[in-house]
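**Q** Next comes the sequence, and after it the predicted model I'd like to discuss.
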Amino acid sequence: MSPDMIIDWLQATLRWGAPLILVAMGEVFAERSGIINVGIEGIMLTGALAGIAVSFFTGNVFLASIGTMLLGALLGLGVAYLTVSRRTNQVVTGLMVNLAALGGTNLLFALLSESRHERVATFPLLFPASFSEIPVIGPILFRQPVSTWFALILPFFAAYFLYRTDWGLNVRAVGDNPKAAATAGLPVIKLKYEAVILSGIFAALGGAALTLSEVGYFASGGMTAGRGFVVLAAVVVGGWDPVRVALACLVFGAADAAQLRMQAMGSTIPYQFLQMLPYVITLIALAGLVGRTRAPKTWGAPYDPADI
Amino acid sequence: MKKLMFSCGILVIAAMILTACQSAPAATSAPEGEKQTKVAMVLPGLKTDEAFNQYTYEGMMRAAKEFNLETAYREEVKQDEQTEIIRQFAQQGYNIIIGQGGQFGEALQTVAKEFPDQKFIFSVATDTGGVPNLTAATVSYSHAGYLAGVMACYTTKTNKVAMILGEWYDPHKQMWDSFQKGLKTCGKDIEANAVTTGSWSDVNKAREASLALVADGTDVLFPCLDAAFVGVLTAAQDSKDVQVVGGVIDMAPIAPKVVVGSVVFNWDELGYQEAAGMLVDGKSHVLGMSENGIKLVTNDLLSADGKASAEKAVEDLKAGKVDVAP
């Protein structure tokens, strides 16, 4: 493997991992508050289409990001209403969101037909193009669009909010022991709502990063292709810690970028095995690390304020 | 227990909503009492997908207009409901029932044996399973692969080309074999690779696969994908001196600066011939160049030599002079 190939692979790893990180950062907060938002796959898919649609009609990617995040917040609110207020089964609710999103995006995209074959405006590079001429780190870091940079910095902010602010402490308290939190006077329901809405916002933004970071196209038939589920696994592998979850996303990205390169170089390893590789690595990480991480104590359990 | 009941309730409601959303078989009305031929098509995807499902459906509708057929369809048919839906059409007396896609094989064989007087078509397949009233029909993946190989041969400068696909099925293996034969037509020593992404609609992965190939020196990409093909086009657009030989649809209108030409699958023609009753003899049919199953489209980017050779390849395929699978 030549140095150029390694640089290219690292560049692809960041590009591949960035949307996953964005989605994962919201999910960490939702799960820390006790709610597993399984619907992130569907919200991500909706965000991918919304990003394309707004960018197509306005030509402005920042408006597209804001519009996408608003839509994500709305979907997050819906999930929060069902799982927090109505106390529905979180997995079933999430799967319903995913199915509805798949059908809904196919339908809406068919209606939006003019934009189907036109590449829309995408996120610009954060640094001037000349930076990418710097050896090694130039192509790896400076050829990345704004969205990738945002995804790389976000985990540190997320960690700060989770561990160093009152709000983060409250979210963690709600996820670990909602009754004690309620007794101490915390607005448990409100905090859960906020955390789930946050997961909606970032899932949608992650979807927009998929279509708007470079591709500029949407494709019907579920173009997120299971990334939301990868994020659900990454959150567990990373032990609900923003920075470690982000690392898990990058490991997955690195494995996928590596297997595509092995195929491209005409590797004799059967392609089925290479395609499995990222998932196998995630599974091994799950099996090896989960025992040592501690899930939020009411993870996935409904909370009934009347039931004390 | 209460929660379990509630979860079950939600599941039932979800199932009901999903079923309700599916379009009911829509039949066109029969004018002036004459006994019309009734044709039904079962589709795995949406009939508005701007791809395989839509074009085969449109082919059926074209035949319906021309031959005054009564038609019906069912879209987004899932694995577990295939047999039931095909059987329903058979019970309603449809003369020709088309299962549009390689996944309908078993269901078609089962129902065709139950209704020996009606005709069934296993579309995008070559295997009838020996059932006399089941006919297999598809377009020639191998003719398409050969033409793509010829165009790629005349286009590559680095002598490295690649095919990008979602998954290997039998037609794709034939396509790959004849693609490599096409690559030998211009006297260059070309290295050909194939990358599978595991998904026909994952645009980002198709793009990443293309960028990985480009980083390895590949300069001609041949996508054989569903909606994900735009990922390959963007990778070519964003790289230097990389060109695309389009597959399945004509890609030049979408990316005129990188597409040298396309091998178009005439899905419309397949649906037309199936509905028109031209493919009901219980045999296996492959629509190649002569049967209008595959169409060659060349773009100005292709060299004059390349164009002439591609057109000659079309004639050779028609004349059966090329040693590739039908």
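**A** Thanks, I have the structure now. Residues are numbered from 1 along each chain as shown, chains lettered A, B, ... in the order given.

**Q** drop to CA atoms for contacts and neighbour counts, all remaining ones
**A** Noted.

**Q** Regarding B:Phe122, what is its secondary structure?
**A** With DSSP: H, G, I helix; E, B strand; the rest coil as the basis, B:Phe122 sits in strand.

**Q** That one: neighbour count?
**A** Counted with other Cα atoms under 10 Å in any protein chain shown, the neighbours of B:Phe122 add up to 28.

**Q** Give the bridge partners for it, please.
**A** Beta-bridge partners recorded for B:Phe122 (DSSP bridges): B:Gly99, B:Ala136.

**Q** need the contact list for it.
**A** Contact partners of B:Phe122, counting by Cα atoms under 8 Å, 6 or more residues apart in numbering or on different chains, are B:98-102, B:104-105, B:108, B:128, B:134-137.

**Q** ok, 7 Å please
**A** Listed by Cα atoms under 7 Å, 6 or more residues apart in numbering or on different chains, the contact set of B:Phe122 reads B:Ile98, B:Gly99, B:Gln100, B:Phe104, B:Gly105, B:Leu108, B:Leu134, B:Thr135, B:Ala136, B:Ala137.

**Q** Which of those sits closest to chain A?
**A** B:Gln100 (17.2 Å; Cα to the nearest Cα).

**Q** quick one: the strand or helix carrying B:Tyr146 to chain centroid distance?
**A** Using DSSP states H and E, B:Tyr146 falls within helix B:141-155. Distance of helix B:141-155 from the chain centroid (Cα atoms, centre = their mean, to the nearest Å) equals 17 Å.

**Q** returning to what we had before: in TSV, list the contacts of B:Phe122 along with distance to A:Met262.
**A** Listed next are these as TSV, based on distance: Cα to Cα, whole Å:
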residue	distance to A:Met262
B:Ile98	40
B:Gly99	37
B:Gln100	35
B:Phe104	34
B:Gly105	34
B:Leu108	39
B:Leu134	42
B:Thr135	40
B:Ala136	37
B:Ala137	36
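
**Q** so which of these is the most crowded?
**A** Taking other Cα under 10 Å as the neighbour criterion, B:Leu134 ranks highest of the contacts of B:Phe122 with 30 neighbours.

**Q** quick one: contacts for the residue in the stretch 151-300 of chain B that chain A sits nearest to?
**A** Residue nearest to chain A within the stretch 151-300 of chain B: B:Asp202 (4.5 Å; Cα to the nearest Cα). Residues near B:Asp202 by Cα under 7 Å, 6+ apart: A:Met223, A:Thr224, A:Ala225, B:Ala228.

**Q** can you check B:Gln54 too?
**A** By Cα under 7 Å, 6+ apart, the contact list for B:Gln54 reads B:Lys47, B:Thr48.

**Q** Got the confidence number for it?
**A** Note on B:Gln54: pLDDT of 90.

**Q** Look up how far B:Leu46 lies from it.
**A** With distances taken as Cα to Cα, to the nearest Å, B:Gln54 is found 7 Å from B:Leu46.

**Q** And the residue of chain A that's closest to chain B?
**A** Nearest to chain B in chain A, going by Cα to the nearest Cα, is A:Met223, at a distance of 4.5 Å.

**Q** contacting residues around B:Met60?
**A** Counting by Cα under 7 Å, 6+ apart, B:Met60 touches B:Gly271, B:Tyr272, B:Ala275.

**Q** Give me the three-state assignment for B:Trp200.
**A** coil.

**Q** ok so, going back, packing partners for the helix holding B:Tyr146?
**A** helix B:170-182, strand B:259-265, helix B:304-319 (3 or more Cα pairs under 7 Å, 6 or more residues apart in numbering or on different chains; DSSP states H and E).

**Q** Pull the distance from the last one to the chain's centre.
**A** Centre-to-centre, helix B:304-319 and its host chain are 23 Å apart (Cα atoms, centre = their mean).

**Q** Could you do the second one as well?
**A** Counting by Cα atoms, centre = their mean, strand B:259-265 is centred 14 Å from the centre of its parent chain.

**Q** who does it pair up with?
**A** In the sheet containing strand B:259-265, its partner strands are strand B:243-248 (parallel), strand B:294-298 (antiparallel), by DSSP bridges.

**Q** tell me the most buried of those strands?
**A** Highest mean neighbour count of these: strand B:243-248, a mean of 28 (counted as mean count of other Cα atoms under 10 Å in any protein chain shown).

**Q** Please save the CA atoms from that one in PDB.
**A** Written as PDB, here are the backbone C-alpha positions of strand B:243-248 (Å, rounded to 0.1, in the frame of the first residue of the first chain):
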ATOM      1  CA  GLN B 243     -15.200   8.900 -17.500                       C
ATOM      2  CA  VAL B 244     -18.300   6.800 -17.200                       C
ATOM      3  CA  VAL B 245     -19.900   4.200 -19.400                       C
ATOM      4  CA  GLY B 246     -23.500   4.300 -18.400                       C
ATOM      5  CA  GLY B 247     -25.500   1.100 -17.700                       C
ATOM      6  CA  VAL B 248     -29.200   0.400 -17.500                       C
END
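
**Q** for the record, mean pLDDT for it?
**A** 96.

**Q** That strand versus helix B:141-155: what angle between them?
**A** Relative orientation of strand B:243-248 versus helix B:141-155 (axes from the mean of the first three to the mean of the last three Cα atoms, to 10 degrees): 170 degrees.

**Q** re the thing from before, where neighbours are concerned, which of the contacts of B:Met60 has the most?
**A** B:Ala275 (32 neighbours).

**Q** Not counting its neighbours along the chain, what's nearest A:Tyr279?
**A** Excluding its sequence neighbours, the residue lying closest to A:Tyr279 (Cα to Cα, 6 or more residues apart in numbering or on different chains) is A:Phe252, at 7.7 Å.

**Q** tell me the SS of that neighbour?
**A** Strictly by three-state DSSP, A:Phe252 counts as helix.

**Q** Can you give me the distance of it to B:Thr298?
**A** In terms of Cα to Cα, A:Phe252 sits 40 Å off from B:Thr298.

**Q** got it, and B:Lys257?
**A** Counting by Cα to Cα, the gap from B:Lys257 to B:Thr298 is 13 Å.

**Q** returning to what we had before: give me the phi and psi angles of the residue of chain A closest to chain B.
**A** Dihedral angles of A:Met223 (phi, psi; degrees, to the nearest 10) stand at phi -70, psi -10.

**Q** pLDDT at the residue lying closest to it once chain neighbours are set aside, what is it?
**A** Once flanking residues are discounted, A:Met223 sits nearest to B:Asp202: 4.5 Å by Cα to Cα, 6+ apart. Looking at B:Asp202, its pLDDT is 94.

**Q** likewise B:Ala30?
**A** 44.

**Q** cool, and the one 5 residues further on?
**A** B:Lys35 carries a pLDDT value of 73.

**Q** Which positions in the stretch 1-150 of chain A make contact with chain B?
**A** Along the stretch 1-150 of chain A, the residues adjacent to chain B under the rule Cα under 7 Å from any Cα of the partner chain are A:Met5, A:Asn89, A:Ala110, A:His117.

**Q** what do you get if the cut-off is 10 Å, keeping everything else the same?
**A** A:2, A:4-5, A:8-9, A:12, A:15-16, A:87-93, A:95-96, A:99-100, A:103, A:106-107, A:109-111, A:113, A:116-119 (Cα under 10 Å from any Cα of the partner chain).
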